[in-house]
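**Student:** Sharing a model that was predicted from the sequence below.
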Amino acid sequence: RREGLLSSEGVVTHDELLAKIEGKQRAQRVLSAEAKQAADAATACERLLEQGKQRHARFQQRDDAEDARARLAAEAESVEVERQRHLHGTEALGLVPAYDALQGAKKKREERTDKRDRAAAEAKTRLAEVERAREAAGAAAEERGKRDERQGEYERLNALAGLAKEWARRVTVRGKAERGLDTAVASKASAETARDSAQTALAVLDAELLALADSPAQLAEAEAEVKATAARLAQHQQAAALTEAVRKLSEARDRAEAQCARAQAALDTATVTVRALQTAMRVGRAAILAQELEPGQPCPVCGSAEHPAPAGGHEQLPSDEDLAAAEKAQGEARAALTTAQQALTAAAATLDAKRELQAAQLAALDGESLPAAEQRAQHAVQLRDTALARTRRRAEAQTQRAGLASAEAEARKAYEEARDAETVARNQQQEAEKEEAAALALLGGEPQDPEDLSARAAALQTLLRTAEAAHEAAQAVLQQAETEHAKSTSAETAAVDELAAAQAEVDAAERAWAEALQASPFTDEAGFTAARMSKEALAQSHARVRAHEDALKEVQARLTALDAELAGQARPQLDTLEAAAQRAREDSQRATKRQGEEANSLERARQVCADYEAAQQAVAALEQRYLLVDGLAKVANGTNSAKINLHRFVLASFLDEVLLQASQHLAKTSRGRYRLVRRTTQGDGRTAQGLDLDIDDHYTGEQRPATTLSGGEGFLAALALALGLADVVQAHFGGIRIETVFVDEGFGSLDAETLDLAVETLLELQQTGRMVGVISHVSELKERIDVQLEVTKHERGSRTRFRLPGYRVS
């Protein structure tokens, strides 16, 4: 990469690159000066172009002024027509006062005619109103003549209404006195009853107080008995609580023992899981290394060019996270076991202490049962409650007696006051009856309704007032109608006089208008009205004529000034000036672009220099890492004294698990004699070690090479290894289940007893859900297998057929 960086700048060494950067810096300064000169030249051309545009604008202004003068000259004819129209309008302006006076007089005459007609109609209407008012005034005067008769009846009814009201008041007083007497009689009876009741209750309460005199002494005795029985009952309850505590602590100890057992089982499971994951990782990594082997090429682990049995089956290689999680679970299980054991020890100690307290408490009770103590305590409480109730009732009775004594005295006083009040009420009732009779006598002995009499009197009074008001109103209306009629008659006379005066004004205005028209240049009224203009229209017409004249003068003055200003000057060529300015701008842009490109080139060279120096630092770091990785590779290749590389170490760890499972199967088929082990002793160091197998012979107590086994024993050992390998693979990879096992030959070398053990092992394996296939020519074995697939050779090849119990299928 460093060479690529230098070649990208066309140099070979770092020093050449630094020299190139210095040269580019000098070139950058030269290009900066050239770019400034080009920018100044472009600015000067832009200034000349702006001046040319300003002079060209003045020439354009003169062309515009020339066009304006031509346009005004074309409008001269219409302006002349407007000037004549203004002249005739000015002449007609002198006739306007006489003409307007005539028109005003005619309009005034029409208004006076209308006014006279309206006044005549108003006078006729007012006359009719006077006639109607006179008729109404006569009717009101007739009704007013009945006033004296109605006034006398009103005074009589009003007097009777007053007497009737007094009689009604006396009746109300008499009723109130009777009710007061009834209330006094009832109050006397109630007070007498209350007095008797208070005296009776006082006697009953005195008798009850005499019976409750010994209640305080009984209460003291009962409270002492309650305290004694409560203390005894508390001892019984403490004993029961201790018994319950002992029971719960015993259950807690049992639970702690069960928890210890569960924790131990969980720790065993976690340990097996960790070992299985470790083995699976070793086997899987070995399989990964085996995939990279190539025929004829040396193995990166052992260095051999031959690979007779490369490892396989790493489809579900556990991850480091899985192993870490399993180890974490193992640690948590170990901690849980420690905690459970500590809890068991604490529970046992607490149970022993509670049992000692329970024994001491039961000894202090002298054999008394808890129900007997509870019954005794309940009886004491009942006696105490009875005594307490009697004591409280005695206190309440004493308080009630004080209240009843006071109530009895007040009841006696109330009875005496009620008796006196009855006497007063009876006297008032008799006096009210006398006054009522006297008032009725004034009415002639017959009761009268005061409200009816008052209503009749009020109706007569209203009728009197209405008749008087109607008479006064009729007179006022008649007087007003006569006044309005007189006014309308006067208005009609005045309107006739005003109409005559208006006609005289019209005659005078017509004479004045005829004289003015004759003295004017107009021959008739139509000519006058055609030429007549309002003052505003005259002013606008004059303004249009004056504006045309002023515009013409202004254009002429502008042309004179521009001719003087532009005398001797030529119209500037803007295209030439703009082309020069464009060339100057382009030159400046090219200079600026060259400067920018050179600056970018300089920056790239500086960046390449920085990248080169960074690459040098990276190479130094890689050299350090190479030394570290090389050391690790030597360790992995097994260049140690044990001659065990990483590959064989992983395989050896996996083989230990396989041998553990295989030894269980071999111990069964060999009746406990043989166990497969991996050889751990070091050889002469000339060959790779770590995967050799030995047999642990329990009969001789010696360990010897597996190659010393007989043919039948070797077959059993090979079968045990196959089954052990299947168990380990299935345990490590939960998603993989080895459901079929084939055994090829080897049975012919077994004696009858060993053959029975081998067949029994295969049958047990079949019962676990696996299918077991046996390839053999041993007739004794064929007789013991029900389901068979026979293969028969003949001249054209071979033939297969199934044999099932009772069936034969070709």
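**Tutor:** Arrived safely, thanks for sending.

**Student:** my read is Leu676 is in a strand, agree?
**Tutor:** Yes - looking at Leu676 with DSSP: H, G, I helix; E, B strand; the rest coil, it is inside a strand.

**Student:** Surely it is in contact with Leu721?
**Tutor:** Yes - applying C-beta atoms under 8 Å as the test, Leu676 and Leu721 come out as touching, 7.1 Å apart. The way it works is simple: take the backbone N, C-alpha and C, and place the C-beta from them, glycine included.

**Student:** Overlap in contacts, those two.
**Tutor:** A shared contact of Leu676 and Leu721, defined by C-beta atoms under 8 Å, 6 or more residues apart in numbering, is any residue touching both; here these are 659, 662.

**Student:** More neighbours: the two, which one.
**Tutor:** The neighbour count for Leu676 versus Leu721, taken as other C-beta atoms under 10 Å, is higher for Leu676 (24 against 21).

**Student:** ok, what's across the strand from that one?
**Tutor:** Beta-bridge pairing of Leu676, defined through DSSP bridges, involves Ile695.

**Student:** contacting residues for it?
**Tutor:** For Leu676, the contacting residues are 659, 662-663, 666, 693-696, 706, 717, 720-721, taking C-beta under 8 Å, 6+ apart as the criterion.

**Student:** Which members of these are positioned in strands?
**Tutor:** Among the contacts of Leu676, the ones falling in strands (DSSP state E) are 693-696.

**Student:** Give me the neighbour count for the residue nearest to Lys24 when sequence neighbours are not counted.
**Tutor:** Leaving aside its chain neighbours, Lys24 sits nearest to Leu602 (4.3 Å; criterion: C-beta to C-beta, 6 or more residues apart in numbering). By the criterion of other C-beta under 10 Å, Leu602 has 17 neighbours.

**Student:** per-residue confidence at Leu602?
**Tutor:** With respect to pLDDT, Leu602 scores 76.

**Student:** Please identify which helix or strand holds it.
**Tutor:** With secondary structure defined by DSSP states H and E, Leu602 is part of helix 574-636.

**Student:** Now do that helix: which elements does it pack against?
**Tutor:** Helix 574-636 is packed against helix 2-8, helix 14-74, with contacts defined by 3 or more C-beta pairs under 8 Å, 6 or more residues apart in numbering; DSSP states H and E.

**Student:** Using CSV, lay out those helices together with mean neighbour count, mean pLDDT and distance to Arg606.
**Tutor:** As requested, those are exported to CSV (neighbours: other C-beta atoms under 10 Å; pLDDT from 0 to 100; distance: least, C-beta to C-beta, whole Å):
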stretch, mean neighbour count, mean pLDDT, distance to Arg606
helix 2-8, 14, 71, 12
helix 14-74, 14, 79, 6
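
**Student:** Save these as TSV, and put in distance to Asp196 too.
**Tutor:** Supplementary listing: those in TSV, determined by distance: least, C-beta to C-beta, whole Å:
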stretch	distance to Asp196
helix 2-8	133
helix 14-74	135
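
**Student:** circling back to that earlier point, how near is the residue nearest to Lys24 to Leu31?
**Tutor:** Between Leu602 and Leu31 the distance, using C-beta to C-beta, to the nearest Å, works out to 10 Å.

**Student:** next one: Arg376
**Tutor:** Arg376 sits at a distance of 123 Å from Leu31 (criterion: C-beta to C-beta).

**Student:** got it, and Leu219?
**Tutor:** Distance, Leu219 to Leu31, using C-beta to C-beta: 124 Å.

**Student:** Next: Pro705.
**Tutor:** Distance, Pro705 to Leu31, by C-beta to C-beta: 89 Å.

**Student:** how about low-confidence regions in the stretch 201-350 of the chain?
**Tutor:** Judged by pLDDT under 70, the stretch 201-350 of the chain has its weakly predicted residues at 285-292, 296-317.
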